[in-house]
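Chemist: quick one: sequence and predicted model below, then my questions.
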Amino acid sequence: MNTVDTREVSTLEAAVPAQNMVLVPLSRLRSRPSKRNVRRKARTSIAALAASIRRLGLLQNLTVIPFGDDGDFEVVAGGRRLAALKLLAKKRRIPMDWPVPCMLVADTLARTASLTENVQREAMGPVDELLAWKALVAEGRSVEAIAADFGVKPLAVKRRLRLANVSPRLLADYQTGAVTLEQLMALAITDDHAAQEAAFYDSPAWQRSPEALRDHLTHEEIDASRDALAHFVGLEAYEAAGGGVRRDLFSDEEQGSYLTDAGLLDTLARHKLADAVEQVQLEGWGWVEVAPRATAAELHVFQRVRRTRRDPNRTEAKRIAKLERKQNELQDRLDDEDAELSEDGVGALQEELDRLGNELEAIEQTLIVYPPRTVEVAGAVVSVDHIGGVVVHRGLLREEQAKAIRAQERQEAGAAGVERNGHDGDADELTKSGISEKLAKRLSAHRTAAMQAEVARHPQVALVAVVHRLALRVVFDSYGSGGSPVDIIATPQDGLTQHAPDVGDSPAAVGMGKVREAWAARLPREPKALFAELLALPQGELLSLLAVCVASTVSVLASREDEVPAAGLAEAVSLDMHDWWAPTAEGYFAHVSKAKALEAVLAFAPDHVTRLSKLKKAEIASEAERLAAGTGWLPVMFRLRQNRPLRRQHRRGSKRCWKRMKPVPKPKSARN
């Protein structure tokens, strides 16, 4: 290759390319993009290309034409390579006069040469690229060395290798466009090719979203970013104890870790709760138990000792006022949009708010008074709340203990010559919460809509519900419903708005409406044509349609707070009302008594109970809605469910839940 004497170069004629290959000093190549370069898109990934050139050299020459009379050159093809070389020179990785291999072309052929370089080449297929990364590792190259060769982070190499390890069948479909990159990334969470293929090909098209596929492959594991117990124990402590973790390389640092040992997590949580148990035992309770995942359903079996709240003394009142004043000041600083707070500054303020809240809660706990004779009989359960904090449920009575206390009360009342009913609401020390029948029906209407949505997403459960209903009638000759929530005569339960006017706008009802509309648009209305179309449907899609139809017949309306129909069906579909309902003033707090509203506030914002107790009912409802936002609090009716580890599909927000329920595509017979 010749070195160009820039003083002698003026014009060039078209010639054999090999005869025009020359070395040009980098300083003689103009940085400004040439007008004859056909590429107009902004240059990207320059730093990565520069790192690659530094390690492997410049593998492809630049194409240039002379510029002016000073011996400079314009680059008409290879602008990214030039930018990378200039970056290396700027960082003093190469000298400014570093010889750059270039092909000189005539000015009249400049644009043609630029277009030819960009057009007359075939881009590497995505699957070929992935397999090439895998082959590099097979040759013995380390991930770090490969990353350095290409100027990328090791994580980028690991992600490509993970994709390359997906089932060959799925990779082939990815090559043809039948599988998207996002779906491939979700499936790559496991190395089990059979599991990958089952998750994708055994699911109907409308349940192949990346979220649904990832959920399918991790449904037996615990999402560390969403599970309360995982937050409480801590991922580092869990791993240090030998717990297994499956990591999703395509999620950010705060997400994508799935714990595989639920038993170990529970054990670690119990050990960590031991100190709290000792403190509660010192309060004198008759018994104290640990239940890391205690749910409202489990706690509902207990009766509770009636508690009262004494007024704070002068010292306590001053301290409460001071702490609340500091809280308000800090919150105002956080809410001030003009305040220039760094990320560390915001974190410090939030930590201080948490400290003040904990101190207020501790003071509030000292103001709660239980009848002395019941403390030594009643007990407490130490657990973990929905955000990973320690929570103590005090004043719990088992049935036999509650009966013993009532019997003692009746005996004492008789001895005193006072006629007293052991179930008198004012005298009974055991509280029994309740809501109006109207509100119970309103809440259960929302539960019905959510149950319908969940059943529509679980074809297998829908099939079981149908068989259950038929078996009761055919096998056991039962004319009653037998506890089945499914109306087999297929009457859609569309009248929920008469009980809950706002249910029509709920995510569950809106989503179900869209899915039903999609099926209605897809299927023929005429009975014979419909039967023929259903015969042609794949079994998976037929079951999906069955699920939608069964779901529409589900009704779990109730008249009392403690009445929760179809608990088995709710458990089967993992119904979690956090995904479908949020507490609001109009939806709940405005329809309960002031005492009932304050009882709820005591559960999710205990440090605000004193302040709210002085407000009017409408103001309490409004404030309760604001304070409940994001806490995960639910009414008793929505909390009655079985205890189970929190899976990834839970607490994802109602909008995301409906990503699984996209309208199904038309079959080939309908598209042609």
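Modeler: Great, that's in hand. Remember, predicted model here, so these are calculated numbers, not experimental data.
Chemist: which parts of the stretch 401-550 of the chain are helices?
Modeler: For the stretch 401-550 of the chain, the helices defined by DSSP state H, counting those that start in this stretch cover 437-456, 459-474, 507-522, 527-536, 539-553.
Chemist: now distance to Ala228, mean neighbour count and mean pLDDT too, for these, in a markdown table please.
Modeler: All C-beta atoms are positioned from the backbone trio N, CA, C, and that covers glycine. Formatted as a markdown table, the helices of the stretch 401-550 of the chain follow (distance: least, Cβ to Cβ, whole Å; neighbours: other Cβ atoms under 10 Å; pLDDT from 0 to 100):
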| stretch | distance to Ala228 | mean neighbour count | mean pLDDT |
| --- | --- | --- | --- |
| helix 437-456 | 21 | 24 | 85 |
| helix 459-474 | 25 | 17 | 72 |
| helix 507-522 | 23 | 18 | 86 |
| helix 527-536 | 44 | 11 | 80 |
| helix 539-553 | 29 | 20 | 83 |
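Chemist: so which of the ones you listed is nearest Val105?
Modeler: Among these, the nearest to Val105 by Cβ to Cβ is helix 507-522 (57.2 Å).
Chemist: one step back: export the helices of the stretch 401-550 of the chain as TSV, with columns for distance to Gln331.
Modeler: Formatted as TSV, the helices of the stretch 401-550 of the chain follow (distance: least, Cβ to Cβ, whole Å):
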stretch	distance to Gln331
helix 437-456	31
helix 459-474	44
helix 507-522	30
helix 527-536	58
helix 539-553	43
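Chemist: nearest to Trp206, of those?
Modeler: Closest to Trp206 of the helices of the stretch 401-550 of the chain is helix 539-553 (Cβ to Cβ; 7.2 Å).
Chemist: burial measure for the nearest residue to Gly632 once chain neighbours are set aside, as a count.
Modeler: Closest residue to Gly632 apart from its sequence neighbours, by Cβ to Cβ, 6 or more residues apart in numbering: His386 at 4.0 Å. For His386, the count of nearby residues is 16 (other Cβ atoms under 10 Å).
Chemist: quick one: His386 and Ala603, what's the gap?
Modeler: Look at His386 and Ala603: by Cβ to Cβ, to the nearest Å, they are 11 Å apart.
Chemist: which of the residues in whichever strand or helix holds Ala195 are buried?
Modeler: Element membership for Ala195, per DSSP states H and E: helix 193-201. By 16 or more other Cβ atoms under 10 Å, the buried positions in helix 193-201 come out as Gln196, Glu197, Ala199, Phe200.
Chemist: all helices of the stretch 101-250 of the chain, in order?
Modeler: 110-119, 126-138, 143-150, 154-164, 168-176, 181-187, 193-201, 210-218, 228-233, 235-240.
Chemist: export those to JSON lines and tack on mean pLDDT and distance to Glu316?
Modeler: Listed next are the helices of the stretch 101-250 of the chain as JSON lines, based on pLDDT from 0 to 100; distance: least, Cβ to Cβ, whole Å:
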{"stretch": "helix 110-119", "mean pLDDT": "87", "distance to Glu316": "77"}
{"stretch": "helix 126-138", "mean pLDDT": "86", "distance to Glu316": "66"}
{"stretch": "helix 143-150", "mean pLDDT": "86", "distance to Glu316": "60"}
{"stretch": "helix 154-164", "mean pLDDT": "90", "distance to Glu316": "53"}
{"stretch": "helix 168-176", "mean pLDDT": "92", "distance to Glu316": "65"}
{"stretch": "helix 181-187", "mean pLDDT": "92", "distance to Glu316": "54"}
{"stretch": "helix 193-201", "mean pLDDT": "93", "distance to Glu316": "57"}
{"stretch": "helix 210-218", "mean pLDDT": "88", "distance to Glu316": "48"}
{"stretch": "helix 228-233", "mean pLDDT": "91", "distance to Glu316": "30"}
{"stretch": "helix 235-240", "mean pLDDT": "93", "distance to Glu316": "36"}
